[in-house]
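Participant: Sequence below, structure please.
(2 chains)
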Amino acid sequence: RKEVEQDPGPFNVPEGATVAFNCTYSNSASQSFFWYRQDCRKEPKLLMSVYSSGNEDGRFTAQLNRASQYISLLIRDSKLSDSATYLCVVSSNSGGYQKVTFGIGTKLQVIP
Amino acid sequence: DTGVSQDPRHKITKRGQNVTFRCDPISEHNRLYWYRQTLGQGPEFLTYFQNEAQLEKSRLLSDRFSAERPKGSFSTLEIQRTEQGDSAMYLCASSSGVDTQYFGPGTRLTVL
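Facilitator: Prediction:
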């Protein structure tokens, strides 16, 4: 089983739609969780951190379910500019060393 | 621009040659990470430094790969005797502690 699993997609959605991505992780000791956005041939950029209480930033909502070991990202009112790959990132500390694992990414294509 | 910078942005080399990449992190960040990303995959962790100490190395980092961060500031990643399978985007990121990682634009390596 991969340490971080994501559906690679692509998810093709019309403008204005709501779309949700899930990401599961295998290490129950994982401590920090993030969603990054990556445009084609560009570097990943932080979209949002994910907290146990859930967090919202405009049209984006991220949630963490530690019991089931998954995190989610919800995008409301999709815009053409949301088209990108969304990377799930899980970080853990083990013996003083940090381990950061990226998922394969979920590709989103918003269609006019 | 006070973000993470990488040099060169593109490198084309012949199989068997050595290449060296440089990363300049955000100045106040004590952690520096190297990743490799191939098409359709998420970034794969290679190694990371806390200040000048290299704390973790992935199994992906064969003995042909070496990384340094001699003064705890910039870092170099050297690949000796390059192989076609080394062709990828090499990403550098920096962070302050276990906080959010900020990525540089990457160095795209093509081995002919």
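Participant: rest of the way, CA atoms for contacts and neighbours
Facilitator: OK.
Participant: any weak-confidence spans in the chain?
Facilitator: Unless you meant another one, I'm taking chain A. A:95-96 (pLDDT under 70).
Participant: that's the wrong chain, I wanted chain B
Facilitator: B:1, B:98.
Participant: how about the strands in it?
Facilitator: For chain B, the strands defined by DSSP state E occupy B:5-7, B:10-13, B:19-24, B:31-37, B:44-50, B:53-57, B:65-68, B:75-79, B:88-95, B:102-103, B:107-111.
Participant: Serialize the ones you listed to JSON lines and add fields for distance to chain A.
Facilitator: JSON lines is the format used below for the strands of chain B (distance: least, Cα to the nearest Cα, whole Å):
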{"stretch": "strand B:5-7", "distance to chain A": "11"}
{"stretch": "strand B:10-13", "distance to chain A": "12"}
{"stretch": "strand B:19-24", "distance to chain A": "14"}
{"stretch": "strand B:31-37", "distance to chain A": "10"}
{"stretch": "strand B:44-50", "distance to chain A": "7"}
{"stretch": "strand B:53-57", "distance to chain A": "7"}
{"stretch": "strand B:65-68", "distance to chain A": "17"}
{"stretch": "strand B:75-79", "distance to chain A": "18"}
{"stretch": "strand B:88-95", "distance to chain A": "7"}
{"stretch": "strand B:102-103", "distance to chain A": "6"}
{"stretch": "strand B:107-111", "distance to chain A": "9"}
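Participant: Kindly compare burial across those strands and name the winner.
Facilitator: strand B:88-95 (a mean of 26; mean count of other Cα atoms under 10 Å in any protein chain shown).
Participant: Tell me the strands beside that strand, with direction?
Facilitator: As defined by DSSP bridges, the strand partners of strand B:88-95 come to strand B:31-37 (antiparallel), strand B:102-103 (antiparallel), strand B:107-111 (antiparallel).
Participant: Turn these into a markdown table, including distance to A:Ser52.
Facilitator: Listed next are these as a markdown table, based on distance: least, Cα to Cα, whole Å:
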| stretch | distance to A:Ser52 |
| --- | --- |
| strand B:31-37 | 25 |
| strand B:102-103 | 22 |
| strand B:107-111 | 35 |
